[in-house]
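Q: whatever this is, show me its structure:
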Amino acid sequence: MNRPNFSRKIIVFDDKCAFCTKIILFFKKQLLSDFLYLSLYDVKSRTFLKEEFQITPINKNTIYVCINNTYYTKSKAVFVLIKNSSYPLKCLFILNILPYKIADKIYDFVAKNRYRIMK
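A: Take a look at the predicted model:
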């Protein structure tokens, strides 16, 4: 199998979701470093997550951000993207003071309703 170059930063996301894709395109313009963007529905992406991080089952309601042999999901992944973004977006990193339980609840609410958001 031709695997992604793991020295790169990788984002695995739900590319069938218009809201998710729009958010990723927004981040793509703001990010300071190059990321590799992979579909959550691609077999190679799912195999990569399983083999590199032993993630099983793959949660289709989250984004995966992989950097330096570590993966992040849900709100932590979003904060990693914000931290790697340019100003003024980077200023939103202050929201990282929220407890992850609360931030993940907000993330889960948006993820649950993501297909309705962009109708």
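
Q: mind checking pLDDT for R3?
A: At R3, the model reports a pLDDT of 53.

Q: same check on the one 3 residues further on?
A: F6 carries a pLDDT score of 53 in this model.

Q: burial count for the closest residue to R46 other than its chain neighbours?
A: Leaving aside its chain neighbours, R46 sits nearest to I58 (5.2 Å; criterion: CB to CB, 6 or more residues apart in numbering). Using the backbone N, CA and C atoms, a C-beta is placed for each residue, glycine as well. By other CB atoms under 10 Å, 15 other residues sit near I58.

Q: contacts only, for the residue nearest the centre of the chain.
A: A centroid search over the chain (CA atoms, centre = their mean) returns I63, at 3.3 Å, as the residue closest to the centre. I63 makes contact with 11-14, 20, 73-74, 77-78, according to CB atoms under 8 Å, 6 or more residues apart in numbering.
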